[in-house]
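**Student:** pasting the structure only:
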Ligand code: NAD
């Protein structure tokens, strides 16, 4: 329990999965095996910073290895602990199962405030942390593959890949030891935007089903919706940029660590993002009203609330005052177990983290395959596809006697390149998973929320593989 009588993060995740296990009447031993974290290491290592030795603490947890490698991000944050890392590793297991990504679940964290160190120091620290993980068997292309999370991005992933390469020069697949790398260093197009893009596909799919919309009290057009987002980092920025620019939704409020900005007419996300890059704060942004109490903005009137920052943001303390009709959990664990119960009773629809933010691991899976196959998606087929399409167009013109415009010709002949393939694979994954979750939501009267439905889906798939390998 935490100070305000909330469960810890991992207890909260366990309780949520237990709701699904209860419905499924899973035997206690199996349930325990499914929930427990396989292994976790804590490392402490010294790094000399500006002439002084500093000791850093980090963790890597492996929740499950029913599929290998185990997969999950590494966060660099001043507030990490082992309970959080284990909870996030468990979420990764369920997440991978929900979206049919054949990985186990893992997660890592380094206790650090990255804003206190310069680039060279961060590189030293990241490389030293990588060394610890590799040496202890917690990082390799076949067993455990990290990715970006809070406070880490392409830069850190490059350092991790390079450190692993120097430790294992004989490993021809060394690039697959980490995902989320820059494209020129073995990354894949579309990985940076993937989690936010997945959030967009999730919401688009939700808006294709009239029964779910009616139950949530939402109108049928995504373009009519008002959205509040918490966190304009990688996930929050991409999700709201795409939802506003491509789907016409109105982002009326953005909550960041120093407060929130509000404009009922809608905020231009790109312009706000550029403002943050330049000024390192949202304060003073000219086209919206600023206020310091960010937490309060979670309770503002809106259609869709997208928490995309940290865990435990909607708790017993504020859940009853939330006015959004739909909560889309782009962050991991933003709603605690107790808050989830309150919101369910209020009839607020919640699309759960283990499904919503799975776009990141899905495209990481594509990147991992790209690294193992040593070839960019589309490289062998694209020109061939274009030639065939050009032939079809010529035939069509000949048969109909009508000239097709140059613009239409260009669109019709276009062969899929890597970003097209990644986006369509991601969209297909997110849509298919939502339909599977919906089927469970519709088939069993005892399941009234999407989270329990998603976890039933995850447990069904994981149990099946445990049965197949003889664990159950
Ligand atoms: P990030 O570090 O890029 O962004 C986090 C943002 O939240 C930053 O802009 C930060 O300033 C803001 N923030 C921090 N504290 C805040 C507070 N108290 N109130 C409001 N805003 C605050 O991280 P990210 O990669 O976007 O991850 C965000 C969430 O999404 C995390 O829960 C992470 O685990 C989850 N997630 C990320 C990915 C990914 O691919 N990056 C994948 C799956 C899940």
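**Tutor:** Okay, I see it. Keep in mind the model is a prediction, meaning the values are calculated, not measured.
**Student:** make it CA atoms for all contacts and neighbour counts henceforth
**Tutor:** Will do.
**Student:** Report the separation between residue 461 and residue 45.
**Tutor:** Distance, residue 461 to residue 45, by Cα to Cα, to the nearest Å: 38 Å.
**Student:** near the ligand, which residues of this structure?
**Tutor:** Along the chain, the residues adjacent to the ligand under the rule Cα under 6 Å from any ligand atom are 148-151, 195, 230-236, 255-257, 308-310, 330-332, 357, 360.
**Student:** List the buried residues for stretch 172-184?
**Tutor:** By 16 or more other Cα atoms under 10 Å, the buried positions in stretch 172-184 come out as 173, 174, 175, 176, 177, 178, 179, 180, 181, 182.
**Student:** ok, which stretches of this protein are strands?
**Tutor:** Assigned by DSSP state E, the strands in the chain fall at 39-49, 52-62, 70-77, 104-111, 144-148, 226-230, 250-256, 259-262, 289-291, 304-307, 326-328, 349-351.
**Student:** Including mean pLDDT and distance to residue 95, could these go into JSON lines?
**Tutor:** Shown next, in JSON lines, are the strands of the chain (pLDDT from 0 to 100; distance: least, Cα to Cα, whole Å):
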{"stretch": "strand 39-49", "mean pLDDT": "98", "distance to residue 95": "18"}
{"stretch": "strand 52-62", "mean pLDDT": "98", "distance to residue 95": "14"}
{"stretch": "strand 70-77", "mean pLDDT": "98", "distance to residue 95": "10"}
{"stretch": "strand 104-111", "mean pLDDT": "98", "distance to residue 95": "8"}
{"stretch": "strand 144-148", "mean pLDDT": "97", "distance to residue 95": "14"}
{"stretch": "strand 226-230", "mean pLDDT": "98", "distance to residue 95": "22"}
{"stretch": "strand 250-256", "mean pLDDT": "98", "distance to residue 95": "26"}
{"stretch": "strand 259-262", "mean pLDDT": "98", "distance to residue 95": "30"}
{"stretch": "strand 289-291", "mean pLDDT": "98", "distance to residue 95": "35"}
{"stretch": "strand 304-307", "mean pLDDT": "98", "distance to residue 95": "18"}
{"stretch": "strand 326-328", "mean pLDDT": "98", "distance to residue 95": "15"}
{"stretch": "strand 349-351", "mean pLDDT": "98", "distance to residue 95": "13"}
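**Student:** Include mean neighbour count when you put these into TSV, please.
**Tutor:** Formatted as TSV, those follow (neighbours: other Cα atoms under 10 Å):
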stretch	mean neighbour count
strand 39-49	15
strand 52-62	19
strand 70-77	27
strand 104-111	28
strand 144-148	27
strand 226-230	25
strand 250-256	25
strand 259-262	22
strand 289-291	17
strand 304-307	26
strand 326-328	23
strand 349-351	23
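**Student:** My guess is residue 94 contacts residue 461. True?
**Tutor:** No - the pair residue 94 / residue 461 is not scored as a contact, 9.2 Å apart, by Cα atoms under 8 Å.
**Student:** Between the two, which has more neighbouring residues?
**Tutor:** Higher neighbour count among residue 94 and residue 461: residue 94, with 28 against 16, using other Cα atoms under 10 Å.
**Student:** Return the residues in contact with that one.
**Tutor:** 105, 354, 455, 458, 459 (Cα atoms under 8 Å, 6 or more residues apart in numbering).
**Student:** what's the pLDDT at the closest residue in space to residue 436 that isn't next to it in sequence?
**Tutor:** Distances taken as Cα to Cα, 6 or more residues apart in numbering place residue 457 nearest to residue 436, at 7.4 Å, with adjacent residues excluded. For residue 457, the pLDDT comes out at 97.
**Student:** List the contacts of residue 457.
**Tutor:** Here residue 457 is in contact with 97, 98, 436, 437, 440 (Cα under 8 Å, 6+ apart).
**Student:** Could you report the separation of the spatially most central residue of the chain from residue 202?
**Tutor:** Geometric centre of the chain, nearest residue: residue 357, 3.1 Å, by Cα atoms, centre = their mean. Remark: distance between residue 357 and residue 202 (Cα to Cα) = 9 Å.
**Student:** Give me the neighbour count for residue 23.
**Tutor:** Neighbours around residue 23, by other Cα under 10 Å: 14.
**Student:** which ones are touching the closest residue to the ligand within the stretch 101-250 of the chain?
**Tutor:** Per Cα to the nearest ligand atom, residue 233 is where the stretch 101-250 of the chain lies closest to the ligand, at 3.2 Å. By Cα under 8 Å, 6+ apart, the contact list for residue 233 reads 308, 309.
**Student:** Next, it: phi, psi?
**Tutor:** Main-chain torsions, residue 233, degrees, to the nearest 10: phi -90, psi -150.
**Student:** Tell me the spacing between it and residue 300.
**Tutor:** Taking Cα to Cα, one finds residue 233 at 21 Å from residue 300.
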